[in-house]
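K.L.:
Based on what follows, work out the 3D shape:
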Amino acid sequence: MKRMMFKVSKIFIPAVISLFFFSSIASAHVTVIPKTSATGAWETYTLKVPVEKDIATTKVTVKAPAGVDVMSYQPVPGWTYTAEKDASGKVKTFTFEATGEGILPGQFQQFVFVAKNPDKATKAAWDAFQYYKDGSIVEWTGDEGTDSPHAITDIVTGTSTDHHGTQPAEHNEKTKTTVPEKEDDTSDSLPLVLSGAAALLSLVALVLAFRKK
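P.N.:
Numbers count the residues shown, from 1 in each chain. This is a model prediction of the structure:
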């Protein structure tokens with residue numbers, strides 16, 4: 001019996017550790033939601049910044065994707081907002097910087113802003129630069145599947161053409177679809193899915209061990 005349990009533990013423990021490690025890494029990226037939005041819409045975006053290291057994050061800078069016009073932001077206590085604009089007055093990059101201790105290890109911070117989507121369907125890439133207290137920078141600028149991918153918003157052809165008002169918040173409510181909410185739920189459920197996979201894997205390992213006995 002002890003020998004059988006030893007065999008099971010050799011398979012089960014490393015599998016569970018690797019799955020939970022992958023789960024924590026997968027959820028530690030800087031993200032922008034929603035992942036899908038409509039062309040021409042005034043969208044309320046949320047930038048989520050987690051801390052991967054044992055030191056605080058004190059600043060995050062984001063490049064506005066081509067064709068996306070960043071219009072306004074929601075103030076966050078303990079953080080300042082600055083924007084770099086081009087000659088036409090459009091935001092090229094925007095930065096949230098801590099006035100205090102910043103985002104501590106084990107924490108995350110969300111920053112909300114409103115932007116007008118381009119009129120043509122595209123994939124908007126949000127290149128982000130995460131600054132830590134020790135001066136190190138993590139560049140979230142890679143393609144999907146890399147160690148530090150940028151967030152992508154799929155701008156799809158919308159069904160509403162009423163995007164030309166002067167009140168972004170009102171238009172955002174009119175043009176928002178339910179697709180982003182479903183995708184966000186899927187993203188948040190990833191750790192639960194991986195946990196379920198770990199449990200299933202342990203059951204398979206147990207069955208195999210009994211068969212070899």
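
K.L.:
Go through stretch 42-58 and flag the buried ones.
P.N.:
Buried residues in stretch 42-58, defined by neighbour count with 16 or more other CB atoms under 10 Å: 42-45, 47-52, 56-58. C-betas here are computed from N, CA, C, even on glycine.

K.L.:
give the contact list for Asp54.
P.N.:
For Asp54, the contact set (CB atoms under 8 Å, 6 or more residues apart in numbering) comprises Pro105.

K.L.:
where does this protein have low pLDDT?
P.N.:
1-27, 159-213 (pLDDT under 70).

K.L.:
the helices in it, which residues?
P.N.:
2-26, 168-175, 179-188, 190-212 (DSSP state H).

K.L.:
The closest residue to Lys63 other than its chain neighbours - how many residues pack around it?
P.N.:
Leaving aside its sequence neighbours, Lys63 sits nearest to Asp127 (CB to CB, 6 or more residues apart in numbering; 4.3 Å). Neighbour count of Asp127, defined by other CB atoms under 10 Å: 17.

K.L.:
next one: the one 10 residues further on
P.N.:
Using other CB under 10 Å, Ile137 has 10 neighbouring residues.

K.L.:
ok so, going back, verify the stated contact: the residue nearest to Lys63 with Val60.
P.N.:
No - using CB atoms under 8 Å, Asp127 makes no contact with Val60, being 11.3 Å away.

K.L.:
what about the residue nearest to Lys63, distance to Tyr81?
P.N.:
From Asp127 across to Tyr81, the span is 18 Å (CB to CB, to the nearest Å).

K.L.:
How about Thr39?
P.N.:
Taking CB to CB, one finds Thr39 at 27 Å from Tyr81.

K.L.:
So these two - more neighbours on which side?
P.N.:
Thr39 (20 against 15).

K.L.:
Now stretch 125-143: buried residues?
P.N.:
Those would be 125-133, 138, 140, for stretch 125-143 by 16+ other CB under 10 Å.

K.L.:
Mind checking which of the residues you listed land in strands?
P.N.:
Applying DSSP state E to these, the entries found in strands are 125-126, 128-132, 138, 140.

K.L.:
Determine which two of those residues are furthest apart.
P.N.:
Ala125 and Tyr132 (22.7 Å; CB to CB).

K.L.:
that older thread, just the buried residues of stretch 42-58 now: which is nearest Gln110?
P.N.:
Nearest member of those to Gln110, counting by CB to CB, is Lys48, at 5.2 Å.

K.L.:
so who does that closest one touch?
P.N.:
So, once contact is read as CB under 8 Å, 6+ apart, Lys48 ends up touching 30-33, 108-110.

K.L.:
do that again at 6 Å, thanks
P.N.:
31, 110 (CB atoms under 6 Å, 6 or more residues apart in numbering).

K.L.:
now do Ala56
P.N.:
101-104, 133.

K.L.:
ditto for Ser148
P.N.:
140, 142.
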